[in-house]
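[1] here you go, sequence then predicted model.
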Amino acid sequence: MPDALHRYCRLGFAFLAVATTLALAATIPMQPARASGWVITFEDDFSGSSLDRSKWYTRYIYKDGKLDHLKQEKQRYGDDGNHVLADGVLNLVAKQPNSKGLYPSGMIRSRQTFRYGYFEARIKMPKGRGLWPAFWLNSDYDENGKLNWPPEIDIMEFVQNGTNEHPNMVHSNVAMNKKGAQGGEWIYRDPNFDQRWTFYNAKEDLTQDWHVFGLLWDEDDTVTAYLDGKKLWQRKYKWIYNDGRKAGPAHILINLAVGGQWAGAGGIDNAVFPASLQVDYVRVCKRAGDTPGQETCGRSEYAPK
């Protein structure tokens with residue numbers, strides 16, 4: 001009988017091991033599974049017949065939301081045919097100058113505000129000397145109802161001045177005070193990204209096709225800029241005022257500026273008007289964390305992992 005006894009003992013020990021494991025598992029609290037990927041927090045694919053005013057303002061936040069230009073710029077943002085939707089695309093239209101030599105143009109500023117996330121827009125640049133399209137984040141009202149600056153993150157600025165700026169150059173950067181309260185330490189730069197003048201040298205004319213511009217703003221105060229999924233740069237950046245106080249959350253801006261000291265350095269070519277900055281979509285996602293997420297940000301081909 002020794003073989004039978006041996007088999008009996010083995011079965012007994014196996015049962016005891018399983019029972020012990022189940023008992024221990026019952027005493028250990030279960031940890032929730034951490035979802036990977038993204039959750040959409042804002043999206044506009046411009047599929048309607050007119051701009052969705054529940055999502056967008058059409059002026060800067062300053063002067064009670066009525067400011068229509070910055071510094072020496074020659075455009076004046078308005079609502080006279082400057083936001084044209086057709087075939088699922090928003091056209092921000094800059095028109096011929098008026099009698100004062102100013103160019104009616106279009107911009108959008110998000111009503112919704114954000115703190116951290118992945119921001120993406122698919123954009124087609126206009127061509128023409130003196131034009132200055134941009135896609136950026138600026139601080140909104142803080143917890144005390146006040147505005148201040150910086151912080152600011154420029155996801156994309158495309159300046160066409162006919163002098164030292166060329167159609168294959170796109171600028172991207174963060175705004176800081178001279179004392180560096182916001183940080184700004186460089187973590188990564190693409191070999192074709194110029195650190196001094198903060199522009200990327202693309203191989204092609206960026207006005208020839210659609211391009212996807214993205215920004216990843218993480219909770220560890222790291223910001224990373226992308227062009228068509230290509231990582232251009234990464235920096236540390238604190239979303240604070242110069243005095244170290246927590247800044248208001250960010251709103252999104254996409255605008256078509258004209259002229260000014262930078263874009264107007266080589267003059268403005270009136271033959272290019274009307275000119276349109278085209279926007280296919282704007283999308284914002286946050287990391288899924290402990291909630292169910294998806295692998296990418298909406299239908300994005302380029303959202304980082």
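    Arrived safely.

[2] what's near enough to touch residue 91?
    83, 84, 85, 106, 276, 277, 278, 279 (CB atoms under 8 Å, 6 or more residues apart in numbering). For glycine as for every other residue, the C-beta is placed from the backbone atoms N, C-alpha and C.

[3] ok, those vs residue 52, which is closest?
    residue 85 (9.2 Å; CB to CB).

[4] count residues in the vicinity of the closest one, would you?
    16 (other CB atoms under 10 Å).

[5] and it, bridged to which residues?
    residue 90 (DSSP bridges).

[6] return the closest of the contacts of residue 91 with respect to residue 234.
    Ranked by distance to residue 234 (CB to CB), the contacts of residue 91 are led by residue 279 at 25.1 Å.

[7] ok, now which ones touch residue 106?
    By CB under 8 Å, 6+ apart, residue 106 lies in contact with 58, 77, 78, 82, 83, 91, 92, 93, 94, 255, 256, 277.

[8] pretty sure the third one contacts residue 68?
    Yes. Here residue 78 lies in contact with residue 68, judged by CB atoms under 8 Å, at a distance of 6.7 Å.

[9] quick one: low-confidence residue ranges for this protein.
    The model of the chain has pLDDT under 70 over residues 1-36.

[10] which residues touch stretch 263-272?
    Among residues not part of stretch 263-272, those counted as contacts by CB under 8 Å, 6+ apart are 72-74, 96-97, 103, 126-132, 159-164, 257-259.

[11] same thing but 7 Å
    Residues from elsewhere that reach stretch 263-272 (CB atoms under 7 Å, 6 or more residues apart in numbering): 74, 96-97, 127-132, 159-163, 257-259.

[12] which among those count as buried?
    Using 16 or more other CB atoms under 10 Å as the burial test, the contacts of stretch 263-272 include 74, 97, 128-132, 159-162, 257-259 as buried.
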